[in-house]
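Asker: Sharing a sequence plus its predicted fold:
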Amino acid sequence: MADGRDREHLSAAQRAKIRRLSEPRELAPDEEGGELNIVPFLDIIMNVLMFVLATITVTFTALIDITPPRATGSRSANPTKPTLSLSVVVVRDGFAVSAFGRSIQTGCVWGTGIAVPSKEEGGKRVYDYKTLAQCATKVKGIDPEFAAEKDVTISANADVPYQVIVSTMDALRVDDKGKDLFPNVYFSAVQGVQ
């Protein structure tokens, strides 16, 4: 069938039509042959990605190991030996300290009031962490039984700056000689006290 006789049976118009249909032709821009062009999409994604990377902010956080105050579950209701139960409340006026369930006043003696007052200097409230640590050391040294005491509960008003709370924790954890004072810090927030 592939001999020259078959060609004679086709007319010139038929041969022209077959030639025209069998030739490869250029596709128009609107006839893309069913292929999806994803290049513009990738350009947009890359631009968005570069924008996000350029504008992202890196946040570093520091964690402070604290434990919330315990209920009397681990400590018995009637302890066999007395505990120090040191508690420090950070307020705008300074530090209110209590131990043995009794308040300590200025000068680190038993009484009511602020144990370590803060001062106003240059429009800023300044807290005396050194005096607080000395008072805590003095209270811990009242009885040799309390030398092993490691717990302190710190509370703070909502208006006390975060840095003051952290500095209070630091002041109570280690004394001025570098020895552990109260390394176990329990933290709670005071509700409604100004």
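Answerer: Received it, and whenever you're ready, just let me know what you need.
Asker: could you measure the residue nearest to Asp128 when sequence neighbours are not counted against Glu23, distance?
Answerer: Closest residue to Asp128 apart from its sequence neighbours, by C-beta to C-beta, 6 or more residues apart in numbering: Val116 at 5.3 Å. C-beta here means a position set from N, CA and C on the backbone, and glycine is covered the same way. To Glu23, Val116 is 98 Å away according to C-beta to C-beta, to the nearest Å.
Asker: Same drill for the two, tell me which one is more crowded.
Answerer: Neighbour comparison, Val116 and Glu23: the larger count goes to Val116, with 26 against 7 (by other C-beta atoms under 10 Å).
Asker: what's the span of stretch 100-118, first residue to last?
Answerer: Using C-alpha to C-alpha, to the nearest Å, the end-to-end distance of stretch 100-118 comes to 24 Å.
Asker: what comes up buried for that stretch?
Answerer: 100, 103-104, 108, 114-116, 118 (16 or more other C-beta atoms under 10 Å).
Asker: same check, this time on stretch 12-29
Answerer: Using 16+ other C-beta under 10 Å as the burial criterion, none of the residues of stretch 12-29 qualify.
Asker: Check the offset of it from the chain's centre.
Answerer: In this view, stretch 12-29 has its centroid 71 Å away from the chain centroid, taken as C-alpha atoms, centre = their mean, to the nearest Å.
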